[in-house]
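Q: Let me see the structure of the following:
(one chain, ligands or ions: 1)
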Amino acid sequence: MKKLLPLLNPIEWLKAFSFHKKNSKYKKSSYDLELYLYSKMLKNDMLHYGYFEDININPENISIKQLEMAQILYAENIIEYISNRQDPVLDVGCGLGGLSNLIMKNNIEVEALTPNKNQIHHIQNKFKNLTLHNLKFENYKTTKKYGTIINSESLQYIKLHEAFSKANKLILPNGRWIIIDYFRLNKDGVNKSSHLLEDFHEKVREYGWKIKYEKDITNNILPTNRFINMYAERFLIPIQHYAFEKLRYKKAWLYYLTKNIRTFITKKIDKELSAINPDKFINEKKYLFFVLEKQ
Ligand SMILES: C[S@@+](CC[C@H](N)C(=O)[O-])C[C@H]1O[C@@H](n2cnc3c(N)ncnc32)[C@H](O)[C@@H]1O
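A: Down below sits the predicted model:
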C-alpha cells in the first residue's frame, strides 16, 4: 500500500502534471525514438531495411551480420547510381552517417543532413570529416548546388511538394535524385506513414523530373520484415505476456490498477507490429528504387 501513497497526494499530482507538460514537447524529427531503438540494435550506422539478394532466405537463418551485410549492399546499390562523381552529393535524412561515410570512402564529396540532434552528435564523434547540416530538408537554405541528392528511406518523412520544390532549387543541371523508400498503393491501410505512389508520380511530372531508372525491391527488403516479425512473435510478445502475468501473481492489486496502461501498451505493440507485418506490407506497399533526372 505504501507504493500507492504518491497517487493519493495532490502535490505529487501537480508535479506529475508539470513533468508531463515538460516531456510532451518531444519532437519526432529531432529525437526519433523508433530510429534510436534500431540504431542500438544494428551497429553499422544504417537505419534502412537493407537489400537481400536471396529473397527466399528463411528468417530463422538470418544472422545480425547478414542483416548488416544486406544494409551495406543496399548502400552500395545507391552509390552505383551516382553518375556525376566530381559534383557534390547531398545525403538527405542521413541517419547515423553510414551511407555518407561509404560515399566519402569512394572519394566523392558528400554532405549529410538530418534534423535529429542525436544523429548529428553520433556522426560528429564517429565520422569527423563529414560536413553536416542539422535541420529539416525543407528548411535548408544555401546557394550551393549538388550533382546528386539522395533520400535513402527518408522521403516518407517530408511533405512531397516541399521535398520536390527544395530538390529543384538545389540540383545542378542534369543532376540526379536517388530515392529509395516504400510507398503506399492505396489510401486505406494500417500504417499511413509513407507517401501514396500516385502522388509521388504526379509530383515527378509537375516538378519536371524524368524517371531514368526504377526497380521494385520489395522482395529484397522483405527478409528484414520477416526477421523482425519473427523476433517479435517469438520474444517480444511472450516476454510482454510473461511480465503482465508475473505482475498478476505477485502484485494483483497493481495489475488491477494498471489495466488501462496494459491495454495501451498492448495496442501500441499491435500497431507497430502490424506496420511491419510482411503480409500486410505486400498488400499495401511497394519498396521502390528510383533514379530521377532533371529534364
Ligand atoms: C529511416 S532513417 C534513414 C537514415 C539513412 N538515410 C539510412 O538510410 O540509414 C530516416 C532519416 O530521415 C530523417 N528525417 C526525418 N525527417 C526529416 C526531414 N524533414 N528532413 C530531412 N531528414 C529527415 C531522420 O532523422 C533519419 O535520419
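Q: Quick check: residues of the protein near the ligand?
A: Within the chain, the positions adjacent to the ligand are 29, 32, 35, 46-48, 92-95, 98-99, 113-116, 119, 136-138, 152-154, 157-158 by Cβ under 6 Å from any ligand atom. The way it works is simple: take the backbone N, C-alpha and C, and place the C-beta from them, glycine included.
Q: Can you give the strand pairings for the lengthiest strand in the chain, parallel or anti for each?
A: As assigned by DSSP state E, the longest strand anywhere in the chain is strand 171-184. The pairing partners recorded for strand 171-184 under DSSP bridges are strand 146-152 (parallel), strand 195-196 (parallel), strand 285-294 (antiparallel).
Q: In TSV: these, plus mean pLDDT and mean neighbour count.
A: Listed next are the strands paired with strand 171-184 as TSV, based on pLDDT from 0 to 100; neighbours: other Cβ atoms under 10 Å:
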stretch	mean pLDDT	mean neighbour count
strand 146-152	97	24
strand 195-196	94	18
strand 285-294	95	19
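Q: Looking at these, spot the one closest to Lys203.
A: strand 195-196 (8.8 Å; Cβ to Cβ).
Q: Give the residue spans of the stretch 51-200 of the chain that score low on pLDDT.
A: Where the stretch 51-200 of the chain drops to pLDDT under 70, the residues are 189-192.
Q: Strands of this protein, start to end?
A: 89-92, 110-113, 131-133, 146-152, 171-184, 195-196, 209-216, 285-294.
Q: Can you tell me which of these is nearest to Ala75?
A: strand 146-152 (7.5 Å).
Q: so Lys215 touches Leu288, yeah?
A: Yes. Shown here, Lys215 and Leu288 form a contact pair, counting by Cβ atoms under 8 Å, at 7.1 Å.
Q: Run a quick neighbour tally on Thr263.
A: 10 (other Cβ atoms under 10 Å).
Q: pLDDT score for it?
A: pLDDT for Thr263: 91.
Q: Kindly report the same for the one 4 residues further on.
A: With respect to pLDDT, Lys267 scores 88.
Q: separation between Phe17 and Gly175?
A: Phe17 sits 51 Å away from Gly175, going by Cβ to Cβ, to the nearest Å.
Q: of those two, who's got more company?
A: Under the neighbour definition other Cβ under 10 Å, Phe17 and Gly175 were set side by side, and Gly175 has more, 21 against 10.
Q: What separation do you get for that one and the ligand?
A: To the ligand, Gly175 is 18 Å away according to Cβ to the nearest ligand atom, to the nearest Å.
Q: mind listing the helices for the stretch 101-250 of the chain?
A: For the stretch 101-250 of the chain, applying DSSP state H, counting those that start in this stretch gives helices covering 117-126, 160-170, 197-206, 218-231, 237-250.
Q: Of those, flag the one that's most buried.
A: helix 218-231 (a mean of 20; mean count of other Cβ atoms under 10 Å).
Q: From the contact counts, what lies against it?
A: Applying 3 or more Cβ pairs under 8 Å, 6 or more residues apart in numbering; DSSP states H and E, one finds that helix 218-231 contacts helix 64-80, helix 259-276, helix 278-284, strand 285-294.
Q: Identify, out of the ones you listed, the most deeply packed stretch.
A: A comparison of the helices and strands packed on helix 218-231 by mean neighbour count, using mean count of other Cβ under 10 Å, puts strand 285-294 on top with a mean of 19.
Q: that older thread, take the helices of the stretch 101-250 of the chain and lay them out in a markdown table including distance to Phe281.
A: Below are those laid out as a markdown table (distance: least, Cβ to Cβ, whole Å):
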| stretch | distance to Phe281 |
| --- | --- |
| helix 117-126 | 25 |
| helix 160-170 | 21 |
| helix 197-206 | 14 |
| helix 218-231 | 6 |
| helix 237-250 | 19 |
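Q: Arg184 is nearest to which of those?
A: Smallest distance to Arg184 across those (Cβ to Cβ): 6.7 Å, for helix 197-206.
Q: Right, I'll leave it there.
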